[in-house]
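Engineer: sequence and computational prediction follow.
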Amino acid sequence: MPVTSKSPRPVGRPPDAELQERRCAEILDAATAVFSENGFAAADVQEIANKTGVGKGTVYRYFPSKEELFLAAVDHGMRRLKSAVNAAIAGVEPPLERIAEGVRAYLAFFDEHPEIVELLIHERAHFRDRKKPTYFVHRDANMAPWQALFRELIQVGVVRDIPVERITEFVSDVVYGTMFTNYFSGRKATLSSQCDTILDMVFHGLLVGRETPSVE
């Protein structure tokens, strides 16, 4: 009787990529809450597992160490920021309006998610040896479209012909500082009003007329 080969027995169900992605996001959301409330040093991975509804071992299968989990949570927050800004500017074609919507979305995101501001603070406190904090890694990676926007405004004569890197760094520093001021001191004006003030100062400045006096 001929011997027929048998198919190998399945070892197990193939991983569900969608489930894994959802579980990863749930762990990172829980980690954001725990780390922001307790700080990096005092945070307990078991509490993160409890919040997610999984075992501690499951958390470590996704993130092998507490340090990796924390940094992934910060990265997760920055990706959420990018998504919020992109959603706000989607379909907005006029460059000046696009910039305005981007600034509003940025300030609104951190206003609605103060826990992510806390993560940025804790990262600076506990990971000072990092070459570049996560916030600035994402900022630099996402700057090209905004620089292209300002190049367009320079080409049509709306914005002064100065290096776009100088412009975007200045605007970025202004909104970054406003975000932290809002967090530490409490927002003194509506987000819309803050955005209008930032844009007014950026686009119109303080001086009347075109002559710029020398500063000695």
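Structural biologist: Thanks, I have it. Numbering: from 1, shown residues only.

Engineer: helices along this protein, start to end?
Structural biologist: 17-42, 45-52, 56-62, 66-89, 95-112, 114-126, 134-141, 144-155, 164-185, 191-204 (DSSP state H).

Engineer: need the ones you listed in a markdown table (columns: mean neighbour count and mean pLDDT).
Structural biologist: The way it works is simple: take the backbone N, C-alpha and C, and place the C-beta from them, glycine included. Below are the helices of the chain laid out as a markdown table (neighbours: other Cβ atoms under 10 Å; pLDDT from 0 to 100):
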| stretch | mean neighbour count | mean pLDDT |
| --- | --- | --- |
| helix 17-42 | 16 | 95 |
| helix 45-52 | 18 | 97 |
| helix 56-62 | 15 | 96 |
| helix 66-89 | 18 | 98 |
| helix 95-112 | 18 | 96 |
| helix 114-126 | 18 | 96 |
| helix 134-141 | 16 | 97 |
| helix 144-155 | 15 | 96 |
| helix 164-185 | 15 | 96 |
| helix 191-204 | 15 | 93 |
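
Engineer: thought Gly45 was touching Thr58?
Structural biologist: Actually, residue 45 is Val. It isn't Gly. No: counting by Cβ atoms under 8 Å, Thr58 is not a contact partner of Val45; they are 10.6 Å apart.

Engineer: roughly how far does the residue most central in space within the chain sit from His113?
Structural biologist: The centroid of the chain falls nearest to Met78 when counting by Cα atoms, centre = their mean (2.2 Å). Met78 sits 11 Å away from His113, going by Cβ to Cβ, to the nearest Å.

Engineer: next one: Leu191
Structural biologist: Taking Cβ to Cβ, one finds Leu191 at 13 Å from His113.

Engineer: how about Asp16?
Structural biologist: Counting by Cβ to Cβ, the gap from Asp16 to His113 is 28 Å.

Engineer: give me the more crowded residue out of these two.
Structural biologist: Neighbour totals were compared for Asp16 and His113, and His113 leads with 17 against 10 (other Cβ atoms under 10 Å).

Engineer: residues touching the more buried one, list them.
Structural biologist: Taking Cβ atoms under 8 Å, 6 or more residues apart in numbering, we find His113 in contact with 77, 80.

Engineer: for it, report the pLDDT, please.
Structural biologist: On pLDDT, His113 comes in at 97.
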